[in-house]
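Engineer: Need the 3D shape of this:
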Amino acid sequence: MNKPNLFIVWAPKCGTTSMHYYLSQHPEIFMSEDKEPYFFCSDIIEEAKKFNNNHSNLNQFKYKNLDEYLTIFNTKKTYKYYWESTVLNLYSKKAAKNIYNFNKDSKIIIMLREPVDFIYSLHSQFLHSYYEDELSFTKALELEKERKKWISLPKNINSPSILYYSEILKFSEQINRYLKLFPIENIKVILFNDLKNDTKAVYKNILKFLEVNNKNFLPEFSIQNPKTKVIFPKIKKILEFPILWKIPKIILPNKVYNKIKNFINSKITIVKKYELDEKFKKELMKKYKNEVVELNNILHENNLINKNIDLVTLWWYNKI
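Structural biologist: Predicted structure coming up:
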């Protein structure tokens with residue numbers, strides 16, 4: 001079986017889906033059949049089992065052993081890299097060690113975003129996917145203390161800790177777990193600002209890091225997983241029942257099935273730019289400024305970002 005040797009352990013809502021799409025097009029890189037297998041974040045899996053009274057039907061964590069996990073890398077063609085991109089592998093306290101024990105020569109790519117904008121966007125995404133049921137971003141943050149006691153949680157949540165917003169943005173602590181194990185030359189940090197401003201340059205830089213063809217190949221660049229707002233949430237919830245799509249999936253060609261499903265979904269959602277209240281944003285930035293300073297120091301000490309880039313200034317924390 002093929003053994004994965006490239007892990008995208010980024011934070012969610014940092015351009016993760018787009019980069020997954022771009023890298024999957026490269027002829028020397030094989031993308032796992034399951035984009036986010038959640039195999040190495042064992043602490044989060046254990047939490048989910050405990051929270052669900054050891055219920056075995058946790059589809060999000062479906063790979064019970066290594067052999068099952070490796071099946072998603074089955075291919076007859078030989079590639080330089082076999083990779084997966086479970087976002088929780090950055091947040092997980094055990095994933096770094098588990099990945100290292102599995103393959104210590106792995107390449108690690110981490111994508112980061114300004115913390116406050118990140119958790120605000122994450123809250124919106126969780127509302128869209130029904131992991132979150134508190135519409136107010138402010139109240140969702142306030143609920144964290146209760147949720148750490150497994151109170152005031154949405155019905156659809158498997159792992160309560162993914163709603164601990166202040167914990168998820170502790171990037172410096174999370175990156176340190178990888179720095180303690182993997183050599184610096186095996187770690188690449190990408191800033192969301194750079195990906196957004198010059199996608200092509202960032203992509204070519206990643207290919208250079210991976211030592212694959214970065215001259216004669218460019219993917220089709222388009223934004224994946226844009227910010228959306230559900231117009232008709234009740235209809236969307238009904239349409240997400242698997243049984244509703246079972247027969248169409250059987251009788252229709254895959255291309256036609258996906259086209260119909262995407263069309264229906266587009267009619268009940270709209271792309272929207274979310275704006276955070278400026279006063280509240282400044283309060284949060286003040287709260288998390290020390291985290292940004294620490295992150296900036298760690299990245300510079302390990303030469304993981306350009307020496308001319310100061311995250312405190314780039315993300316406007318110098319004004320706070």
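Engineer: and A96, how many neighbours?
Structural biologist: Using other C-beta atoms under 10 Å, the number of residues around A96 comes to 25. C-beta here means a position set from N, CA and C on the backbone, and glycine is covered the same way.
Engineer: Secondary structure element holding it?
Structural biologist: helix 95-102 (DSSP states H and E).
Engineer: Might you report the residue contacts of L276?
Structural biologist: 116-117, 120, 137 (C-beta atoms under 8 Å, 6 or more residues apart in numbering).
Engineer: Revised request: answer the last question for N296.
Structural biologist: N296 touches 310-312, counting by C-beta under 8 Å, 6+ apart.
Engineer: where do the helices sit along the stretch 101-250 of the chain?
Structural biologist: Per DSSP state H, counting those that start in this stretch, the stretch 101-250 of the chain carries helices over the ranges 115-129, 137-142, 144-147, 165-168, 171-179, 192-197, 199-210, 233-239, 242-251.
Engineer: Tell me which of these lies nearest to A48.
Structural biologist: helix 144-147 (14.5 Å; C-beta to C-beta).
Engineer: Could I get the average pLDDT for that closest one?
Structural biologist: For helix 144-147, mean pLDDT is 97.
Engineer: Please point out which parts of that helix sit buried.
Structural biologist: Buried residues in helix 144-147, counted by 16 or more other C-beta atoms under 10 Å: R147.
Engineer: Residues in contact with that helix: which ones?
Structural biologist: So helix 144-147 is in contact with 152-153, 160, 163-166, going by C-beta under 8 Å, 6+ apart.
Engineer: How far does it sit from its chain's centre?
Structural biologist: Chain-centre distance of helix 144-147: 22 Å, with C-alpha atoms, centre = their mean, to the nearest Å.
Engineer: what about H20, which helix or strand?
Structural biologist: Element membership for H20 (DSSP H and E) is helix 16-23.
Engineer: any idea of the angle that helix forms with helix 199-210?
Structural biologist: 70 degrees (axes from the mean of the first three to the mean of the last three C-alpha atoms, to 10 degrees).
Engineer: just to revisit the earlier point, adding pLDDT, distance to E28 and secondary structure as columns, could you present the contacts of N296 in a markdown table?
Structural biologist: Formatted as a markdown table, the contacts of N296 follow (pLDDT from 0 to 100; distance: C-beta to C-beta, whole Å; DSSP: H, G, I helix; E, B strand; the rest coil):
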| residue | pLDDT | distance to E28 | secondary structure |
| --- | --- | --- | --- |
| D310 | 97 | 34 | coil |
| L311 | 97 | 32 | helix |
| V312 | 97 | 37 | helix |
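Engineer: what stretches of the stretch 201-320 of the chain score poorly on pLDDT?
Structural biologist: Across the stretch 201-320 of the chain, the ranges flagged by pLDDT under 70 are 216-246, 249, 254-255, 257-259, 261-274.
Engineer: switch the cut-off to 90
Structural biologist: Along the stretch 201-320 of the chain, segments meeting pLDDT under 90 span 201-204, 213-277.
Engineer: Show me the longest helix that occurs in the protein.
Structural biologist: Counting by DSSP state H, the longest helix found in the chain is helix 278-301.
Engineer: Show the contacting residues for V293.
Structural biologist: 312, 317.
Engineer: what about it, distance to L284?
Structural biologist: Distance, V293 to L284, using C-beta to C-beta, to the nearest Å: 15 Å.
Engineer: coming back round to it: need the mean per-residue confidence for the helix holding A96.
Structural biologist: 98.
Engineer: what comes into contact with that helix?
Structural biologist: Contacts for helix 95-102 (C-beta under 8 Å, 6+ apart): 7, 9, 40-43, 86, 88-89, 106, 108, 177-178, 180-182.
Engineer: of these, buried ones?
Structural biologist: The neighbour-count test (16+ other C-beta under 10 Å) marks 7, 9, 40-43, 86, 88-89, 106, 108, 177-178, 181-182 as buried among the contacts of helix 95-102.
Engineer: Among the contacts of helix 95-102, which has the minimum pLDDT value?
Structural biologist: Among the contacts of helix 95-102, pLDDT bottoms out at V9, giving 84.
Engineer: Check the contact between that one and L90; I expect there is one.
Structural biologist: Yes - the criterion here is C-beta atoms under 8 Å, and V9 meets it with L90 at 4.4 Å.
Engineer: tell me, what's touching those two both at once?
Structural biologist: I110.
Engineer: ok, back up a step: the helices of the stretch 101-250 of the chain: which one's closest to F280?
Structural biologist: Judging the helices of the stretch 101-250 of the chain by C-beta to C-beta, what sits closest to F280 is helix 137-142, at 6.4 Å.
Engineer: what's the closest one packed up against?
Structural biologist: Identification of packing neighbours for helix 137-142 by 3 or more C-beta pairs under 8 Å, 6 or more residues apart in numbering; DSSP states H and E yields helix 115-129, helix 165-168.
Engineer: would you turn these into TSV with mean neighbour count and distance to N205?
Structural biologist: Compiled in TSV, these are given as follows (neighbours: other C-beta atoms under 10 Å; distance: least, C-beta to C-beta, whole Å):
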stretch	mean neighbour count	distance to N205
helix 115-129	20	21
helix 165-168	18	26
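Engineer: This completes my enquiry, with thanks.
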